[in-house]
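Q: Here you go, sequence then predicted model.
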Amino acid sequence: NAGVTQTPKFRILKIGQSMTLQCAQDMNHNYMYWYRQDPGMGLKLIYYSVGAGITDKGEVPNGYNVSRSTTEDFPLRLELAAPSQTSVYFCASSYRAGVSEKLFFGSGTQLSVL
Amino acid sequence: AQRVTQPEKLLSVFKGAPVELKCNYSYSGSPELFWYVQYSRQRLQLLLRHISRESIKGFTADLNKGETSFHLKKPFAQEEDSAMYYCALKGSSNTGKLIFGQGTTLQVKP
């Protein structure tokens, strides 16, 4: 099992460019999440999904979009990149939302918008 | 509002010294709390969860509902404990979402 796989690992974007951060898991997990990690700010939830075809906004969704056409994949789209989106992005998944269910994290994507 | 606060950005101790990483939460119901750890060049991973009452790598954490705290403790720090530690709270919905604190970097000096 590869677990949660994120690509790319690093990316530099110019202001206004678009890109998709890829996230895939091979654990048949229903729940998937996108977080961003800013220095001194912890992890903030961008979007999440409780199953294929179902997505919802988290705490900081502005400037992002997601889709969940399959159980395995949960891509995050940045339409018009802004410097404020410079961050490290983590995708995570869990099998269910039960008591003390743990999250499995990807290795992260470091994004710089210049 | 649901919130997790880790008041220390950096905690620096010598090897063998006791460690306590502080975590306070704000939540009106029965909380589910976790500690996640990110070692250098590794993925964020679960360290322990309050409901399991477990000790992992010598770390323990006790939920204190009166003080709304979930501090992480270890009696004798090791250099390999150096990492970023996040306290997290599972919110009230059934979506599994976690609310993370700001994180504390633990530096264990030789």
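A: Perfect, thanks for sending it. Remember, it's a predicted structure, so these values are computed and weren't measured experimentally.

Q: Skipping its backbone neighbours, what lies nearest A:S67 in space?
A: Nearest non-adjacent residue to A:S67, counting by Cβ to Cβ, 6 or more residues apart in numbering or on different chains: A:P75, 6.3 Å away. Any C-beta I mention is one placed from the backbone N, CA and C, and that applies to glycine too.

Q: That neighbour contacts A:L21, doesn't it?
A: Yes. With contact defined as Cβ atoms under 8 Å, A:P75 counts as touching A:L21 (6.6 Å).

Q: hmm, back to that, what count of nearby residues applies to the residue nearest to A:S67?
A: Close neighbours of A:P75, defined as other Cβ atoms under 10 Å in any protein chain shown, add up to 17.

Q: Could you pick out the longest strand of chain A?
A: The residue-count maximum for a strand in chain A (DSSP state E) belongs to strand A:42-51.

Q: which secondary structure elements does that one contact?
A: Other helices and strands packing on strand A:42-51, by 3 or more Cβ pairs under 8 Å, 6 or more residues apart in numbering or on different chains; DSSP states H and E, are strand A:31-38, strand A:54-57, strand A:64-66, strand B:98-100.

Q: Buried residues, that strand. List them.
A: By 16 or more other Cβ atoms under 10 Å in any protein chain shown, the buried positions in strand A:42-51 come out as A:42-50.

Q: between that strand and strand A:31-38, how many degrees?
A: If you take axes from the mean of the first three to the mean of the last three Cα atoms, to 10 degrees, strand A:42-51 sits at 160 degrees to strand A:31-38.

Q: looking only at pLDDT, what's the mean for strand A:42-51?
A: On average, the pLDDT along strand A:42-51 is 94.

Q: Quick one: residues contacting the residue nearest to A:Q17 when sequence neighbours are not counted.
A: In this structure, A:Q17 finds its nearest non-sequential neighbour in A:A81, 5.1 Å apart by Cβ to Cβ, 6+ apart. A:A81 sits next to A:13-19, A:113 when contact means Cβ atoms under 8 Å, 6 or more residues apart in numbering or on different chains.

Q: Let's see that with 7 Å instead.
A: Contacts for A:A81 (Cβ atoms under 7 Å, 6 or more residues apart in numbering or on different chains) come out as A:13, A:15-19, A:113.

Q: can you tell me how far B:A77 sits from B:V19?
A: Going from B:A77 to B:V19 by Cβ to Cβ, to the nearest Å gives 5 Å.

Q: More neighbours: the two, which one.
A: The neighbour count for B:A77 versus B:V19, taken as other Cβ under 10 Å, is higher for B:A77 (22 against 19).

Q: Looking at that one now. What's its pLDDT?
A: Per-residue pLDDT puts B:A77 at 97.

Q: Can you give me the distance of it to chain A?
A: 23 Å (Cβ to the nearest Cβ, to the nearest Å).

Q: so where is chain A shaky, pLDDT-wise?
A: Low-confidence regions of chain A, defined by pLDDT under 70, span residues A:1, A:99-100.
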